[in-house]
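*Asks:* Quick one, structure for this:
(chains A and B)
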Amino acid sequence: MIFPQKKSSGRLPLQGALQRLMSNRMAVGSAVFLVFMALLCFVLPLFPCIANPNLTDLDHIAAASSWRHWLGTDHLGRDMLARVLYGGRISLLVGMLATAVAVVLGVVYGMVSGYVGGRTDAVMMRIVDVLFALPFIVVVVVFSLSIEDPCRQMTDYVVKLTGWSRDAVAPVFGLVPIFLAIGALGWLTLARIVRTQTLVLREQEFVLAARSLGLSHVAILFRHIAPNLLGPVIVYTTLAVPGIILTESTLSFIGLGVKAPNSSWGTLIKEGADRMEVAPELLIYPAVFFCLTLLALNFLGDGLRDAFDPKSSRD
Amino acid sequence: MMRYIARRVGQGLLVLFVLESLTFFLVRALPGNPFLGERKLPEHVLSQLNSLYGLDAGLWEQFFRYWKAILLHGDFGPSLVREGVQVSEIIAQAFPVSLELGCLAMLLAVVVGIPAGMVAAYRCNTYTDILLMLSAVAGVCIPSFVLAPVLGITLGSHVPGLSVAGWDNSLCILLPAITLGLVNAAYVARLTRAGMVETLASDFVRTARAKGAGSRRILWVHALRSGLLPAVSYMGPAFAALITGSFVVESCFQVPGMGLHFVNATTDRDYFLIQGLVFCYGVLIVAANLVVDICQAWLNPRLRS
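*Replies:* Here you go, the predicted model:
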């Protein structure tokens, strides 16, 4: 019991990892659940059975669940199911975009720092140290405040250029400050992980071989080193997504994140928490959706970590 | 060892200097100014205010004046939004509150998290382990802004003596401390389990077993030290973050701590207050990382070189 056994496999690492992942029921279940949740949030609202989340049904204010409103309505008569689904759409979207920003920044920065090495590496890592010591909330606020204006200008520009209605364009660009701000800080840990891996990789023979064949540094970095970083990057990314979604919701809860007319799970939870004594279900519905999604993401992340790194595996 | 510590302190001071300078320029790059209120101020009043606080000087001149005041007098300047109040006064008022709350939360995290992680590692792959780790994942996933109102309405309004909001009696600290502590306890438990499982599978533990040491002795004497490494490296920065306050928890429970100032100062563009808060946070983070490094060298002899 006290000695977890190590298992070794003779197959390709990626193939073995996939096989180990598939045998982890918790992780597979979570993946299925996440696909289901994504379908719910992104596809279901396209059908007419889901009401407009901003439409107020004045005949049914603060109603309990019924055939007309499956999860009831809030104090303004808005359909809760629609609000939760549209909120999930924004939360998941911002989470994915912010993660993408963080992954691109972190991988490139860490790779360059580790590959170049020497004094450049030392300076680049001290910069990461400094950014780590900045209070996260201050940076996010500063960042989102300072790119609000450029985003508004961008909206004006797009409206003028395409002739689309302002109401359709503004919500999309309203999300830009928030996911850029979160992504711009989320890359720090990943940069450290990637750098450590690159330091090991650059001493390997295949890099020497590529050098002696006359490949450029850029080609070596992206063709030979980047593919070898896939495992740790996938694992870290999956584990970072729940944190990033949580950050977005925390900011929205505070009132600094997603702005009206958009709403995310964070803003819904905030509205629910304010009216908790009168109507606890307004807090419960978004909170349950939110927590279940985070749980599934965490289980999937843990499963991936165990699959790619059998040393720390449970079995 | 002393040379190692001296070098790390030097690096820490450098990080602190760059951090504070970066913040100085960052907040001044923000659109808007501290005197934008509901009422638009006339131009001459605005320029009068700017010259009063020295904001009309060149950026570099302000920069050098700011550092001179800190280094020579320990003066962080006045708050620009709350008239006649010094930044140091605001921090001196709010920090003890957050410190007390953070210490209690950290204590809770350690007392709950480390034993839970150890038990889970010791009983690896049993139902105890699975149950403990499931609750740890749940703890990580339930955000403080859900936990705070739920705790408030379940415990706060039904248990006599517990208050849901405010900071006027000694029991007020309990609910916010539990909210902050549980999330951290969950992280600590996961990291402790991971570290212990890895250590328990390592060669020196096998040797100890081969020599006939009992499982209890192995767990407490041999494995605990290096098994705690991941949890310790998490707890340092987490402690620094805890004692500087959390906006969500402080606003949910109406606690007059530092967390509220971080957000309000930034949205108000209270330049000197932001700089003072970042300085305070930076000192704590740098110190926490230093303590973590020293602890790790003490826990893991292989790192002492």
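*Asks:* contacts and neighbour counts: CA atoms only from here.
*Replies:* Noted.
*Asks:* in the stretch 101-250 of chain B, what residue is nearest chain A?
*Replies:* Here the residue of the stretch 101-250 of chain B nearest chain A is residue B:201; by C-alpha to the nearest C-alpha that distance is 5.1 Å.
*Asks:* can you count the residues close to residue B:11?
*Replies:* Residue B:11 has 15 neighbouring residues, counting by other C-alpha atoms under 10 Å in any protein chain shown.
*Asks:* per-residue confidence at the residue of the stretch 101-250 of chain B closest to chain A?
*Replies:* Per-residue pLDDT puts residue B:201 at 86.
*Asks:* Distance check, it against residue B:194.
*Replies:* 11 Å (C-alpha to C-alpha, to the nearest Å).
*Asks:* do residue B:200 as well
*Replies:* Distance, residue B:200 to residue B:194, using C-alpha to C-alpha: 10 Å.
*Asks:* Can you pull the phi and psi angles for the residue of the stretch 101-250 of chain B closest to chain A?
*Replies:* When read as degrees, to the nearest 10, the backbone of residue B:201 gives phi -90, psi 0.
*Asks:* Burial check on it, number of neighbours?
*Replies:* Using other C-alpha under 10 Å, residue B:201 has 18 neighbouring residues.
*Asks:* got the contact list for stretch A:72-88?
*Replies:* A:40-42, A:45, A:50-66, A:69-71, A:262-265, A:268, A:282, A:285-286, A:289-290 (C-alpha atoms under 8 Å, 6 or more residues apart in numbering or on different chains).
*Asks:* check those against chain B, which are close?
*Replies:* Subset of the contacts of stretch A:72-88 in contact with chain B: empty, counting by C-alpha under 8 Å from any C-alpha of the partner chain.
*Asks:* Which of these fall within strands?
*Replies:* Among the contacts of stretch A:72-88, DSSP state E puts none in strands.
*Asks:* buried subset of those?
*Replies:* A:40-42, A:45, A:50-51, A:53, A:56-57, A:60-63, A:69, A:71, A:262-265, A:268, A:282, A:285-286, A:290 (16 or more other C-alpha atoms under 10 Å in any protein chain shown).
*Asks:* residues of the lengthiest helix in chain A that come out buried?
*Replies:* Identified as the longest helix of chain A according to DSSP state H is helix A:80-116. Buried positions in helix A:80-116, judged by neighbour count with 16+ other C-alpha under 10 Å: A:80-103, A:105-115.
*Asks:* which bits of chain B sit near chain A?
*Replies:* Residues of chain B lying near chain A (C-alpha under 8 Å from any C-alpha): B:15-16, B:18-19, B:26-27, B:29-31, B:121-125, B:137-138, B:141-143, B:145-146, B:149, B:153, B:194, B:197-198, B:200-201, B:215, B:248, B:262-263, B:266-267, B:278, B:281-282, B:285-286.
*Asks:* Please repeat the previous calculation with a cut-off of 7 Å.
*Replies:* Proximity of chain B to chain A, by C-alpha under 7 Å from any C-alpha of the partner chain, involves residues B:15, B:18-19, B:30-31, B:122-125, B:137-138, B:141-142, B:146, B:149, B:198, B:200-201, B:262-263, B:266, B:278, B:281-282, B:285.
*Asks:* Quick one, which of these are buried?
*Replies:* Applying 16+ other C-alpha under 10 Å to those flags B:15, B:19, B:30, B:122-125, B:137-138, B:141-142, B:146, B:149, B:198, B:200-201, B:262-263, B:266, B:278, B:281-282, B:285 as buried.
*Asks:* Would you map the helices across the stretch 201-305 of chain B?
*Replies:* Ranges of helices in the stretch 201-305 of chain B, per DSSP state H, counting those that start in this stretch, are B:203-210, B:215-217, B:224-227, B:229-243, B:247-252, B:258-268, B:271-299.
*Asks:* ok, back up a step: now, which of the buried ones among the contacts of stretch A:72-88 lie within helices?
*Replies:* A:40, A:41, A:42, A:265, A:268, A:282, A:285, A:286, A:290.
*Asks:* Those: which two are farthest apart?
*Replies:* Across those, no pair lies farther apart than A:42 and A:282, at 21.3 Å, counting by C-alpha to C-alpha.
*Asks:* From residue A:134, how far out is residue B:90?
*Replies:* From residue B:90 to residue A:134 the distance is 20 Å (C-alpha to C-alpha).
*Asks:* pLDDT below threshold where in chain B?
*Replies:* B:37-38, B:161, B:303-305 (pLDDT under 70).
*Asks:* center of chain A - which residue?
*Replies:* With distances taken as C-alpha atoms, centre = their mean, residue A:95 lies nearest the centre of chain A, 3.1 Å away.
*Asks:* How many residues are close by the residue lying closest to that residue once chain neighbours are set aside?
*Replies:* Distance criterion C-alpha to C-alpha, 6 or more residues apart in numbering or on different chains; nearest residue to residue A:95, sequence neighbours excluded, is residue A:245 at 4.8 Å. Other residues within reach of residue A:245, judged by other C-alpha under 10 Å, total 27.
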